[in-house]
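> Just need the structure, nothing else, for what follows:
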Amino acid sequence: METLPLHPLKCSSPKAKVFLVFFSMVLCTTILFVLQLKFFKHRGKHFYSYEVKDSRGRAVSLSKYRGKATLVVNVASACQYTEVNYRALQELHREYGPSHFTVLAFPCNQFGDSEPGSNQEIDAFAKGNYGVTFPIFSKIKILGTEAEPAFRFLVESTKKEPRWNFWKYLVNAEGQVVKFWRPEENIESIRHDVASIVRELIMKKKEDL
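Numbering: from 1, shown residues only. This is a model prediction of the structure:
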């Protein structure tokens, strides 16, 4: 019986092999680029990269506060903590702001329906009763799927979701959360940390001169 000569199977031509190698390289490079882009985008996210609305509904970029320390608070007008907190927050803002520090207030009605008024009513209440000079933004939600993205960043950074009005998050000049406080905690404990960051900012500015 005659033996048939063996020939290697031609599964692809040299051009096809070159194309396959080239395509694989491009695909791997694209995947690495996308992963790297997502990685750096995540790392670069900070509080001051968000945009919110002021009490008149106008868009405000939080980047205007970058370079300062900020104390971000979910406020309410009809809460058992309203008076003591508004007075203490205004005192902090007056003492350390506005060049190196500011309070940023975000009204929220998700806790005991204690902030039912309109943005204009909230603004008038805070300024009329407590002489507030720090920014009060548009009323937001901080819980659930409709939570304000900027506030969601604070919660995700600390793994601590507000359970009531007047939770406070201290954000440094780079936009990272460094500490948080519950509404019942004494303002003096906050003052120490605010003063520490403000001193660092002042020293850094002097060194840069």
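
> so where do the strands sit in this protein?
Shown for the chain, the strands assigned by DSSP state E span residues 51-53, 59-61, 69-75, 101-107, 168-171, 177-181.

> what would the ones you listed look like in a markdown table with mean pLDDT, distance to residue 114 and mean neighbour count?
Glycine gets a C-beta too; all of them are placed from N, C-alpha and C. Listed next are the strands of the chain as a markdown table, based on pLDDT from 0 to 100; distance: least, CB to CB, whole Å; neighbours: other CB atoms under 10 Å:
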| stretch | mean pLDDT | distance to residue 114 | mean neighbour count |
| --- | --- | --- | --- |
| strand 51-53 | 98 | 21 | 15 |
| strand 59-61 | 97 | 24 | 12 |
| strand 69-75 | 98 | 10 | 25 |
| strand 101-107 | 98 | 10 | 24 |
| strand 168-171 | 98 | 16 | 24 |
| strand 177-181 | 97 | 19 | 18 |
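
> Turn the ones you listed into JSON lines, columns for distance to residue 83.
What follows is those, written out as JSON lines (distance: least, CB to CB, whole Å):
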{"stretch": "strand 51-53", "distance to residue 83": "25"}
{"stretch": "strand 59-61", "distance to residue 83": "27"}
{"stretch": "strand 69-75", "distance to residue 83": "12"}
{"stretch": "strand 101-107", "distance to residue 83": "15"}
{"stretch": "strand 168-171", "distance to residue 83": "16"}
{"stretch": "strand 177-181", "distance to residue 83": "17"}
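
> Out of those strands, flag the one nearest residue 129.
Residue 129 sits nearest to strand 69-75 of all the strands of the chain, at 12.3 Å, using CB to CB.

> now for the closest one, which elements pack on it?
Applying 3 or more CB pairs under 8 Å, 6 or more residues apart in numbering; DSSP states H and E, one finds that strand 69-75 contacts helix 82-96, strand 101-107, helix 149-158, strand 168-171, helix 187-208.

> Repeat the analysis, applying 7 Å as the threshold.
strand 101-107, strand 168-171, helix 187-208 (3 or more CB pairs under 7 Å, 6 or more residues apart in numbering; DSSP states H and E).

> Other residues contacting the second one?
Contact partners of strand 168-171, identified using CB atoms under 7 Å, 6 or more residues apart in numbering, comprise 47, 69-73, 154, 158, 177-181, 190, 193-194.
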